[in-house]
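Peer 1: how does the following fold in three dimensions:
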Amino acid sequence: MRHINKNPVKKGKIPFYKFKLFVAITLCFIMTSCNGQANNGYKQNVIKQTIQFPNLKDQISDVVRTIFQDSKGNIWFGTQNGAFRLTNDTLIHIDSIKSALGKGVTIKDITEDKNGIIWFGHTDGISSIDGEKVSNYYESDGLISNDVWCISSDAEGKIWIGTIEGICVFDRKNFVNFALPEGIRDTTMGVSSTKMVHSILRDSKGTMWFGTNAGLFSYANNRLKNISDEVDIPTNFVNKLVEDKKGGFWVSTSKGLFHLKGDSLTNITEMHFEESKGTGSVIVDSKGDIWFNCSRSIYRLNGEKLTEYRIAEGNYGPLTFQIYEDQHSRLWFVGYGGAYSYENDGFINVTKNGPW
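Peer 2: Residues are numbered from 1 along each chain as shown. Got it, this is the predicted structure:
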């Protein structure tokens, strides 16, 4: 059964909450630091971008989990205070994305299907926005778990939902569970399970990819392949996967960053650091540079040159959960501490008042 609100999108003041979830969120999402010196033959420039840590009341939210730009150019922010839409320099809170008990949710992932409908995965199910209509879906509607971590759409318009209890697929009528091998629980994380799905990607050929606590998998032509076993990825915990323009994939894991092309796997972290450490978000920007994060450090890989950037205020600065490039080739870094863009070789704090 759909839970539909007829007047869901309301413009008004952006709510601010004390950062009472900081400890829990940090335990759940912080990745191990990528400390270490560059090996001989590779450059590693450390650039410290020191900015004033802002007053949290000015932020879009004190925790921004995800960012997404849709086909119409609207920018969506998924936060611990729900979803916000930026349209024509006006930021609007989407009031009607709610839990089954009518409470607010934390948005963890956002996607758009082939019909232009925006979908949200959050802490109490999934939600969609079609025009001005918001629909919320929960376990009571057939969802495998209300604890949703990632969401994507396939070429047919079906919605793939990754949760702490595995994957299910929604065809607008029914939720169907999708079987994956069971993995192991990550004891270094505050929230984990043997069936946890961290990310879902549809690549340029329409193949679906899954980063899970059982490794990396692909699915095409009704066939599921265990990529981790085929190329020997040295960890069960695969966090993120992105495709580049050369037919390869960049794989972020608990033991570092890898490049996958065909049946060849290259350990990128091992080439630049003395120790393999966990990485989180990763993107390939429009210039072909690879951006990834480890704890509070952000790295850019350009060929063999690795550059480290830090947003810092004393020993604490914003903790990046996602790196994203918008349609104007502007880079965004969102996480604990709000939203930041990277322009003219510097980080700019983007608050509820912009700059947009």
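Peer 1: from now on I want contacts and neighbour counts done on CA atoms only, so please keep to that.
Peer 2: Noted.
Peer 1: can you tell me the closest non-neighbouring residue to residue 108?
Peer 2: Distance criterion CA to CA, 6 or more residues apart in numbering; nearest residue to residue 108, sequence neighbours excluded, is residue 122 at 5.1 Å.
Peer 1: show the pLDDT at that neighbour.
Peer 2: Here the pLDDT value assigned to residue 122 is 98.
Peer 1: do the same with residue 190
Peer 2: 90.
Peer 1: equivalent analysis for the one 10 residues further on, please.
Peer 2: Residue 200 carries a pLDDT score of 98 in this model.
Peer 1: next one: residue 12
Peer 2: pLDDT, read off for residue 12, is 40.
Peer 1: and if you look at residue 233?
Peer 2: For residue 233, the model assigns a pLDDT of 97.
Peer 1: pull the contacting residues for it.
Peer 2: 215, 265 (CA atoms under 8 Å, 6 or more residues apart in numbering).
Peer 1: check residue 341 too.
Peer 2: Contacts of residue 341 by CA under 8 Å, 6+ apart are 330, 331, 332, 333, 347, 348, 349, 350.
Peer 1: just checking, what packs against the host helix or strand of residue 134?
Peer 2: Using DSSP states H and E, the element containing residue 134 is strand 133-137. In terms of contacts (3 or more CA pairs under 8 Å, 6 or more residues apart in numbering; DSSP states H and E), strand 133-137 is packed against strand 3-5, strand 125-130.
Peer 1: out of the ones you listed, which gets the lowest mean score?
Peer 2: For the helices and strands packed on strand 133-137, where the average pLDDT is lowest is strand 3-5, sitting at a mean of 48.
Peer 1: neighbouring strands - and their directions - for the helix or strand following the strand holding residue 134?
Peer 2: On the C-terminal side of strand 133-137, the nearest following helix or strand under DSSP H and E is strand 148-153. Sheet pairing for strand 148-153, assigned by DSSP bridges, gives strand 159-163 (antiparallel).
Peer 1: roughly how far is the partner strand from the heart of the chain?
Peer 2: 13 Å (CA atoms, centre = their mean, to the nearest Å).
Peer 1: on that earlier part again, now the strand holding residue 134 against strand 125-130, angle please.
Peer 2: 160 degrees (axes from the mean of the first three to the mean of the last three CA atoms, to 10 degrees).
Peer 1: surely residue 292 touches residue 280?
Peer 2: Yes - the pair residue 292 and residue 280 passes the contact test of CA atoms under 8 Å, sitting 6.8 Å apart.
Peer 1: same drill for the two, tell me which one is more crowded.
Peer 2: Comparing residue 292 with residue 280 by other CA atoms under 10 Å, the one with more neighbours is residue 280, at 27 against 23.
Peer 1: for the strand holding residue 134, C-alpha coordinates in PDB please.
Peer 2: Extracted as PDB, the C-alpha positions of strand 133-137 are listed here (Å, rounded to 0.1, in the frame of the first residue of the first chain):
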ATOM      1  CA  LYS A 133       3.400  13.900  -4.900                       C
ATOM      2  CA  VAL A 134       5.300  12.100  -2.200                       C
ATOM      3  CA  SER A 135       4.900   8.400  -1.600                       C
ATOM      4  CA  ASN A 136       6.400   6.500   1.300                       C
ATOM      5  CA  TYR A 137       7.000   2.700   1.500                       C
END
